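Trainee: Kindly generate the corresponding structure for this input.
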Amino acid sequence: MVPPARRPSRAGRDLAAAIAVGTALGVVILSSLLIERHFFVGVLALATAVATWELAGALRRGAGIEVPLGVLLLGGQAMVWLSWPYGLRGLAVSFAVTALAVLLWRMRTGAAHYVRDVTAGLFTAAYVPLFCSFTILMLVADDGLGRVLTFLICGVASDVGGYAAGVLLGRHAMAPTISPKKSWEGFAGSQVAGMLAGALCVQFLLGGVWWAGAITGALLVVSATLGDLVESMVKRDLGIKDMGTLLPGHGGLLDRMDSLLPTAVVAWGLLSIVVPVS
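Mentor: Numbering: from 1, shown residues only. Presented below is the predicted three-dimensional model:
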């Protein structure tokens, strides 16, 4: 007897696979953070390399754009690892050198599509390793563990709250031409969960005031939602469904990081204001 086909969830995911993968990723991230913060840098460096490779592959499959993958992988590792000892200066210099290398490397294949390919290379360098490295800038502070946990917990809360509210209550599409499954009800669920997570994390992990944490959580939800929509725009432009196939139920690793990448920049800036680094 043939078993019945598994019915997809209303949100379009294989929910069991998504939960299993999300749990496994959470265990790896939390273990690396709690055991030794340098382990987390290694995890982030690996994730940056994989996501860069996925984006380069998506650009090639969807639009025939070739970016200098070796340059981007090497430059991405420089951004991640130099952000720890040298902070924002190390990140800025390594990004600038990577951008210059992209410009020069592409010259070897001639002028045809030079601007297009260089622009795609600079976009890749900024979207993945540059944005990702702001997580390291949070981590190097004395209370860096609390800052990174606040950023990650707010991101997870936004995702879970939005998913639950969207599946149960979603009726009004937020951006039907970009991401048809996103609803205003889901966004409201993300806001409630994100503000609660932000208030608790800022007060108990960073010693700040709860209302500032609630505002931080709300703004991180906005950033995460916009980050998700940005990646959806990129995929629609390229005519692909997922950036990769590495993670069952999620697509590629970059599909899992899409909302976190720009949010890392926003979280670094907001937390620097709400709880200044001593």
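
Trainee: So which residues of the stretch 1-150 of the chain form helices?
Mentor: Along the stretch 1-150 of the chain, the stretches classed as helices by DSSP state H, counting those that start in this stretch are 15-35, 37-63, 69-106, 114-125, 131-139, 144-169.

Trainee: quick one: which of those helices is nearest residue 194?
Mentor: Checking those against residue 194 by C-beta to C-beta gives helix 144-169 as the closest, at 4.4 Å. Where C-beta positions appear, they are placed from N, C-alpha and C, glycine not excepted.

Trainee: List the buried residues for the closest one?
Mentor: Buried residues in helix 144-169, counted by 16 or more other C-beta atoms under 10 Å: 144-167.

Trainee: Okay, angle between that helix and helix 37-63 too, please.
Mentor: 50 degrees (axes from the mean of the first three to the mean of the last three C-alpha atoms, to 10 degrees).

Trainee: for the stretch 101-250 of the chain, which spans come out with low pLDDT?
Mentor: 248-250 (pLDDT under 70).

Trainee: how about 90 then?
Mentor: Scanning the stretch 101-250 of the chain with the threshold set as pLDDT under 90 gives 108-112, 163-183, 241-250.

Trainee: from the helices of the stretch 1-150 of the chain, which stretch is densest packed?
Mentor: Highest mean neighbour count of these: helix 131-139, a mean of 24 (counted as mean count of other C-beta atoms under 10 Å).

Trainee: what residues does that helix touch?
Mentor: If you take C-beta atoms under 8 Å, 6 or more residues apart in numbering as the criterion, helix 131-139 is touched by 37, 40-41, 44, 47-48, 51, 76, 79-80, 83-84, 87-88, 91, 144-145, 147-148, 151, 257, 261-262, 264-265, 267-268, 271.

Trainee: If you count residues, where's the longest strand of this structure?
Mentor: The residue-count maximum for a strand in the chain (DSSP state E) belongs to strand 179-183.

Trainee: Show me what that one is packed against.
Mentor: Contact here means 3 or more C-beta pairs under 8 Å, 6 or more residues apart in numbering; DSSP states H and E; on that basis strand 179-183 packs against helix 144-169, strand 173-175, helix 210-238.

Trainee: Helix or strand: which one has residue 273?
Mentor: helix 260-274 (DSSP states H and E).

Trainee: Only the buried residues of that helix, if you could.
Mentor: 260, 261, 262, 263, 264, 265, 266, 267, 268, 270, 271, 274.

Trainee: The fourth one is in contact with residue 151, isn't it?
Mentor: Yes. Contact status for residue 263 versus residue 151: in contact at 7.0 Å, counting by C-beta atoms under 8 Å.

Trainee: Need the overlap of contacts for these two.
Mentor: residue 220.

Trainee: And residue 223, how far from residue 25?
Mentor: 20 Å (C-beta to C-beta, to the nearest Å).

Trainee: sorry, back to before: would you tell me which of the helices and strands packed on strand 179-183 gets closest to residue 126?
Mentor: Nearest to residue 126 among those is helix 210-238 (11.9 Å), distances taken as C-beta to C-beta.

Trainee: I figured residue 71 hits residue 98, correct?
Mentor: Yes. Judged on C-beta under 8 Å, residue 71 makes contact with residue 98 at a distance of 6.8 Å.

Trainee: Let me have the helices of the stretch 1-150 of the chain in TSV, adding distance to residue 195 as columns.
Mentor: TSV is the format used below for those (distance: least, C-beta to C-beta, whole Å):
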stretch	distance to residue 195
helix 15-35	21
helix 37-63	26
helix 69-106	28
helix 114-125	32
helix 131-139	20
helix 144-169	9
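
Trainee: quick one: which of the ones you listed is nearest residue 198?
Mentor: Ranked by C-beta to C-beta, the member of those that lies closest to residue 198 is helix 144-169, at 5.3 Å.

Trainee: partner strands of the longest strand of the chain, parallel or antiparallel?
Mentor: Sheet pairing here is set by DSSP bridges, and for strand 179-183 it gives strand 173-175 (antiparallel).

Trainee: contact partners of the partner strand?
Mentor: 180, 182, 183, 184, 186, 187, 225, 229, 232.

Trainee: Just give me the closest of these to residue 20.
Mentor: Looking across these and measuring by C-beta to C-beta, the closest to residue 20 is residue 186, at 22.2 Å.

Trainee: now the helix or strand the closest one falls within: how far from the chain's centre is it?
Mentor: Using DSSP H and E, residue 186 sits within helix 184-205. For helix 184-205, the separation from the chain centroid amounts to 18 Å (computed by C-alpha atoms, centre = their mean, to the nearest Å).
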